[in-house]
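Asker: model this:
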Amino acid sequence: MPTGILARRNSTAKTFAEPDAVPNYGPSRTSRICHYDLKLTLEPEERHYAGEATIRLQPLPSYAGVLRLDFSDGIIDSVTDGHGANLEYRHLGSVLEVHASHLELVTLRWHGGAPSAG
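Answerer: Residues are numbered from 1 along each chain as shown. Sure, this is the predicted structure:
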């Protein structure tokens, strides 16, 4: 009968998760982010900030017309494509959904006050 490493290799796999932990898997990617161009304006005395992010991306075969981005604080001012045309979007809690049949460049503009985190 094997002992040591060989015995462990042949036994059932064991995980290192806490006993009550629920598995948490990242979302499936639908696009590859190629480049970010980020512009931020911080006004600490006024407790105000504004930002603009232009994201160049490559849709993957699984892209089905919705790009999901993390966005928890702030107010979205606009979401546009590479030609400056407004795109449909929804801000659901901490997720920003941008709707477009084909998307290679998206620009987000936002502003806000004191962030709730960070």
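Asker: residue boundaries of the helices in this structure?
Answerer: 5-10 (DSSP state H).
Asker: Listing request: residues of it with sub-threshold pLDDT.
Answerer: 1-16, 24-27, 115-118 (pLDDT under 70).
Asker: If we use 50, what do you get?
Answerer: 1, 7 (pLDDT under 50).
Asker: That one: strands as residue ranges?
Answerer: Ranges of strands in the chain, per DSSP state E, are 31-43, 48-59, 66-70, 75-81, 88-92, 95-99, 105-112.
Asker: next one: stretch 84-98 to chain centre, how far?
Answerer: 12 Å (C-alpha atoms, centre = their mean, to the nearest Å).
Asker: Need the residues that contact that stretch.
Answerer: When contacts are defined by C-beta atoms under 8 Å, 6 or more residues apart in numbering, stretch 84-98 is touched by residues 66-72, 76, 78-81, 99-100, 103, 106, 108. All C-beta atoms are positioned from the backbone trio N, CA, C, and that covers glycine.
Asker: Export the strands of the chain as JSON lines, with columns for distance to P19 and mean neighbour count.
Answerer: JSON lines is the format used below for these (distance: least, C-beta to C-beta, whole Å; neighbours: other C-beta atoms under 10 Å):
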{"stretch": "strand 31-43", "distance to P19": "36", "mean neighbour count": "11"}
{"stretch": "strand 48-59", "distance to P19": "40", "mean neighbour count": "16"}
{"stretch": "strand 66-70", "distance to P19": "29", "mean neighbour count": "15"}
{"stretch": "strand 75-81", "distance to P19": "41", "mean neighbour count": "15"}
{"stretch": "strand 88-92", "distance to P19": "32", "mean neighbour count": "14"}
{"stretch": "strand 95-99", "distance to P19": "30", "mean neighbour count": "16"}
{"stretch": "strand 105-112", "distance to P19": "40", "mean neighbour count": "17"}
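Asker: Redo the ones you listed as JSON lines? Include distance to E18.
Answerer: As requested, the strands of the chain are exported to JSON lines (distance: least, C-beta to C-beta, whole Å):
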{"stretch": "strand 31-43", "distance to E18": "32"}
{"stretch": "strand 48-59", "distance to E18": "35"}
{"stretch": "strand 66-70", "distance to E18": "25"}
{"stretch": "strand 75-81", "distance to E18": "37"}
{"stretch": "strand 88-92", "distance to E18": "29"}
{"stretch": "strand 95-99", "distance to E18": "26"}
{"stretch": "strand 105-112", "distance to E18": "35"}
